[in-house]
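Student: okay, sequence plus prediction incoming.
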Amino acid sequence: FLSNPGPLMSRASAIPSLVLLTGAGISRESGLDTFRDADGVWSRVRLEDVATPEGFERDPVKVHAFYNARRHGLRDPEVVPNAAHLALARLERLWPAEVLLVTQNIDDLHERAGSPAPLHMHGELLKARCAACDAVLPWADDLGLEDRCPSCGAEATLRPHVVWFGEMPLEMERIEAALTACGVFVSIGTSGTVYPAAGFVSLARRAGARTVELNLEPSHGASLFHECHHGPATGVVPAFVEALLASAPGL
Ligand code: APR
């Protein structure tokens, strides 16, 4: 996969030399829908209604029900991390200081696969946030929109801890710092249609990183990558990790 790992494994570096970005495609073979495939989430519900601040303002009950249903879906015993999640977690365990995993996904499959600290730039399905004090708390099933915030006591200020369209993704400074200093950027299971994540490949490439796309089919940004490997994530991701480990100097 990587003809020359280049500065990938500068072990001394405190800045991650390998940045991984995942999207809904990595969770597809675990049974979770993607967004823009033919059977995707946005083919069944309008994103304007459930993934914008205006939609939440208009009908908080509908939005609450939408995320509750997705949270229950995540608890389906059939929904478990797949070989792609596990391969990335293995990489993070072997190179804890060098790998930064950024995900657009709000599911917890990376955590359940053993990833130590996935950076959820679009938030997390299993957490709620208080719009008054910004406290983030686990979303318990009995938590309702009318409940008081356990942290500041404000009433009816709880919302899903999910980044909606028009809102700023989380931890962007940390992500951009890693992208401008990494040796390799790998984009996995994302259509490359939603910014700022869709722009990460250009940022990394301008900074001199090798850029790799692992996706079922060419994404919108496929031509921006040095290397593309297309196929189901459970095939191309473990193969990529194996090749990377085989090519890494001095491990
Ligand atoms: N293996 C690998 N890739 C797959 C698989 C699979 N089994 N199945 C589908 N894919 C690919 C699709 O080809 C597509 O390119 O995953 C990508 C999924 O794209 P989207 O549905 O657009 O999901 P994503 O890119 O994660 O969306 C980004 O948009 O709606 C917002 O906040 C939401 O985080 C999401 C963001």
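Tutor: Good, I have the coordinates.

Student: longest strand in the protein, please.
Tutor: As assigned by DSSP state E, the longest strand anywhere in the chain is strand 123-130.

Student: mind saving the C-alpha coords of that strand as CSV?
Tutor: Only the C-alpha atoms of strand 123-130 are listed here, as CSV (Å, rounded to 0.1, in the frame of the first residue of the first chain):
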residue,chain,number,x,y,z
GLY,A,123,-20.5,14.2,18.6
GLU,A,124,-21.8,11.0,20.1
LEU,A,125,-25.2,9.3,20.0
LEU,A,126,-24.9,8.0,23.6
LYS,A,127,-24.4,11.5,25.0
ALA,A,128,-26.6,14.5,25.7
ARG,A,129,-25.6,18.1,26.1
CYS,A,130,-27.1,21.0,28.0
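
Student: elements contacting the next helix or strand after that strand?
Tutor: Downstream of strand 123-130, the next assigned helix or strand under DSSP states H and E is strand 136-138. Judged by 3 or more CB pairs under 8 Å, 6 or more residues apart in numbering; DSSP states H and E, strand 136-138 is in contact with strand 123-130. Where you see a C-beta, it was placed from the backbone N, CA and C, and this is true even at glycine.

Student: contacts for the strand it packs on?
Tutor: 67, 70-71, 74, 106-108, 135-139, 143, 149, 151-152, 154, 157-163, 170 (CB atoms under 8 Å, 6 or more residues apart in numbering).

Student: could I get the full set of helices for the stretch 1-150 of the chain?
Tutor: All helices of the stretch 1-150 of the chain, identified by DSSP state H, counting those that start in this stretch, fall at 47-50, 53-58, 60-74, 83-94, 109-113.

Student: make TSV out of the ones you listed and add mean pLDDT, mean neighbour count and distance to Gly25.
Tutor: TSV is the format used below for these (pLDDT from 0 to 100; neighbours: other CB atoms under 10 Å; distance: least, CB to CB, whole Å):
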stretch	mean pLDDT	mean neighbour count	distance to Gly25
helix 47-50	98	16	18
helix 53-58	97	14	25
helix 60-74	94	16	17
helix 83-94	97	22	9
helix 109-113	98	21	12
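
Student: and these: which comes nearest the ligand?
Tutor: For those, proximity to the ligand was assessed by CB to the nearest ligand atom; helix 47-50 is nearest, at 6.2 Å.

Student: what is the closest one packed up against?
Tutor: helix 53-58, helix 60-74.

Student: what does the stretch 101-250 of the chain have sitting close to the ligand?
Tutor: 104, 122, 189-191, 193-194, 215-217, 219, 232-233 (CB under 6 Å from any ligand atom).
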